[in-house]
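Student: Following is a predicted model, sequence given first.
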Amino acid sequence: MRAHDAEHSTDYCATLLTYLRHFGDVAAASGELHIHQNTLRLRLRRAEELFDVALADPTRRLLLTLELTALTGLSEPPARG
């Protein structure tokens, strides 16, 4: 996923990690990313297709959160307001 982001100038890693850290709250995640909610939903659907990401599976969401956190080196969750 990170290689795809670099090669295609996309932000799937950041999008997914932000979405996961907001526990699936589209409004909060899209607000933090400064994108429209529909844009976030589109990115999520596309990520599921491209990377075989199963966001409906809680175990896979947890593993994806851990993997993306390790890849990006982000250890602090986003500030909740």
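Tutor: Yep, it's here. Numbering: from 1, shown residues only.

Student: Now the residue most central in space within the chain: which helix or strand?
Tutor: Nearest residue to the geometric centre of the chain (C-alpha atoms, centre = their mean): L16, 0.6 Å. Using DSSP states H and E, L16 sits in helix 12-21.

Student: what is the rounded mean pLDDT of whichever helix or strand comes after that helix?
Tutor: Remark: after helix 12-21, the chain's next helix or strand is helix 26-33, criterion DSSP H and E. Throughout helix 26-33, pLDDT has a mean value of 98.

Student: what does stretch 66-79 give?
Tutor: On average, stretch 66-79 scores 73.

Student: For the strand or helix carrying T59, list the C-alpha coordinates in CSV.
Tutor: Taking DSSP H and E as the definition, T59 sits inside helix 58-72. Output in CSV follows, covering the C-alpha atoms of helix 58-72 (Å, rounded to 0.1, in the frame of the first residue of the first chain):
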residue,chain,number,x,y,z
PRO,A,58,-12.9,-6.4,13.3
THR,A,59,-9.8,-8.6,13.5
ARG,A,60,-8.5,-7.4,10.1
ARG,A,61,-9.2,-3.7,11.2
LEU,A,62,-7.1,-4.2,14.3
LEU,A,63,-4.3,-5.8,12.3
LEU,A,64,-4.4,-3.1,9.7
THR,A,65,-4.3,-0.4,12.4
LEU,A,66,-1.2,-1.9,13.9
GLU,A,67,0.5,-2.4,10.6
LEU,A,68,-0.2,1.1,9.4
THR,A,69,0.8,2.6,12.7
ALA,A,70,4.1,0.7,12.5
LEU,A,71,4.7,1.8,8.9
THR,A,72,4.0,5.4,9.5
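
Student: what does that helix rub up against?
Tutor: Contact with helix 58-72 is made by M1, R2, C13, A14, L16, L17, L20, R21, V53, A54, L55, S75, as judged by C-beta atoms under 8 Å, 6 or more residues apart in numbering. Any C-beta I mention is one placed from the backbone N, CA and C, and that applies to glycine too.

Student: what about burial for those, which qualify?
Tutor: Burial by neighbour count, judged by 16 or more other C-beta atoms under 10 Å, picks out M1, C13, A14, L16, L17, L20, R21, V53, L55 from the contacts of helix 58-72.
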